[in-house]
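Colleague: when you get a sec, could you give me coordinates for this:
(one chain, ligands or ions: 1)
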Amino acid sequence: MKRPGVVSDFLADQERCRVSNRRIRRALEEVFSRLPETVSQALLNCKRPIYIVQSSRIGGVVTLGFAPGLTLLTLNEALKERPLGATVGIIAHELAHLALGHRFVAWEGKRKLRLREEYEADAQACQWGFRGPMIAALKATVEEEAQNRLAILLQGGYHDQRG
Ligand SMILES: [Zn+2]
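Modeller: Purely as a prediction, here's the structure:
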């Protein structure tokens, strides 16, 4: 069952997709265009609707208690300074958390998921075809945890189903 309008409808929805910076928006569009269609449809048609917003204050994925059933992916404005590929990797990783049912995610925030969940999200993003962007994203992150994840990616621990 093909529903090609889902992604373009979402990106055009100014309530659910409030990303104004052109570079961040381009990265977001690239991720959604490369996601397997079944995945993007599942994410965007989820019972907990995804809202994607741009913020100068926080980054990462946050589930807001005041809006039950809502998933908010907040993309920090600072992403616009990063190479496009790295931002694509970060967004793919965050969407992987959502697809895997992980909650309370932040790329560089205080609230961290368990390391196992980070590895799972990395592996999922690789399966979707984002191994290269994931490596670019982790290479630009100095913290030890990111370097450990990078080492696993570079060892080929996760397989990119698209080759
Ligand atoms: Zn993560």
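
Colleague: rest of the way, CA atoms for contacts and neighbours
Modeller: Will do.

Colleague: please report how far the nearest residue to Leu43 once chain neighbours are set aside lies from Leu72.
Modeller: Nearest non-adjacent residue to Leu43, counting by CA to CA, 6 or more residues apart in numbering: Ala99, 6.6 Å away. Ala99 sits 13 Å away from Leu72 when distances are taken as CA to CA, to the nearest Å.

Colleague: which one's more surrounded, these two?
Modeller: Leu72 (20 against 17; other CA atoms under 10 Å).

Colleague: did I read that right, the more buried one in a strand?
Modeller: Yes: counting by DSSP: H, G, I helix; E, B strand; the rest coil, Leu72 is part of a strand.

Colleague: for it, which non-adjacent residue is spatially closest?
Modeller: If you skip the residues right next to it in sequence, Leu72 has Tyr51 as its closest partner in space, 4.9 Å away by CA to CA, 6+ apart.

Colleague: biggest helix in the chain, by residue count?
Modeller: Ranked by residue count under DSSP state H, the longest helix found in the chain is helix 84-99.

Colleague: please save the CA atoms from that one in CSV.
Modeller: Output for helix 84-99, consisting of C-alpha atoms alone and laid out as CSV, is shown next (Å, rounded to 0.1, in the frame of the first residue of the first chain):
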residue,chain,number,x,y,z
LEU,A,84,25.0,18.5,6.3
GLY,A,85,26.0,14.8,6.4
ALA,A,86,26.5,15.0,10.2
THR,A,87,23.1,16.6,10.7
VAL,A,88,21.6,13.9,8.5
GLY,A,89,23.2,11.3,10.8
ILE,A,90,22.0,12.9,14.0
ILE,A,91,18.4,13.1,12.7
ALA,A,92,18.5,9.5,11.5
HIS,A,93,19.8,8.4,14.9
GLU,A,94,17.0,10.3,16.7
LEU,A,95,14.3,8.9,14.4
ALA,A,96,15.8,5.4,15.1
HIS,A,97,15.2,6.0,18.8
LEU,A,98,11.6,6.8,18.1
ALA,A,99,11.1,3.8,15.8
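
Colleague: packing partners for the helix or strand just after that helix?
Modeller: Using DSSP states H and E, the next helix or strand after helix 84-99 towards the C-terminus is helix 115-127. Applying 3 or more CA pairs under 8 Å, 6 or more residues apart in numbering; DSSP states H and E, we find helix 115-127 packed against helix 84-99, helix 131-139.
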